[in-house]
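Novice: Just need the structure, nothing else, for what follows:
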Amino acid sequence: MDALLEILTNLHPEVDFETCTTLVDNKIIDSFDIVTIISEINDEYDVVIPAEEIIPENFNSAKALYELILRLEDE
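Specialist: Numbering: from 1, shown residues only. Purely as a prediction, here's the structure:
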């Protein structure tokens with residue numbers, strides 16, 4: 001989780017990613033951020049996020065994103 005928080009914080013240092021649960025809903029992160037996050041996750045965790053998983057629910061919080069990473073690692 002620490003590596004993910006670092007990725008997110010590097011994009012938006014002003015956001016408290018440990019508590020925010022509306023990253024997409026409140027337009028804190030946009031589509032360009034999501035592309036960057038997906039690329040960084042691929043590099044850091046060696047996980048490919050398939051297109052069908054690129055939905056707001058998976059990107060609204062660091063926790064949801066980390067759960068997605070763990071789920072994909074298990075597959």
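
Novice: only C-alpha atoms for contact and neighbour calcs from this point on.
Specialist: Fine.

Novice: Checking the residue nearest to Asp30 when sequence neighbours are not counted next. Helix, strand or coil?
Specialist: Setting aside the residues directly before and after it, Asp30 is nearest to Val24 in space (C-alpha to C-alpha, 6 or more residues apart in numbering), at 6.9 Å. Following DSSP: H, G, I helix; E, B strand; the rest coil, Val24 is assigned to coil.

Novice: Now the phi/psi pair for Val24, please.
Specialist: phi -80, psi -50 (degrees, to the nearest 10).

Novice: give me the low-pLDDT residue ranges for this protein?
Specialist: Low-confidence regions of the chain, defined here as pLDDT under 70, do not occur.

Novice: Where do the helices of it begin and end?
Specialist: Taking DSSP state H, the helices of the chain run over residues 2-11, 31-45, 56-59, 62-74.

Novice: tell me, what residue is most central in the protein?
Specialist: Compute the mean C-alpha point of the chain, and by C-alpha atoms, centre = their mean the closest residue is Leu65, 4.5 Å away.

Novice: so who does it touch?
Specialist: Contacts were defined as C-alpha atoms under 8 Å, 6 or more residues apart in numbering; by that measure Leu65 touches 58-59.

Novice: distance of it from Leu23?
Specialist: 11 Å (C-alpha to C-alpha, to the nearest Å).
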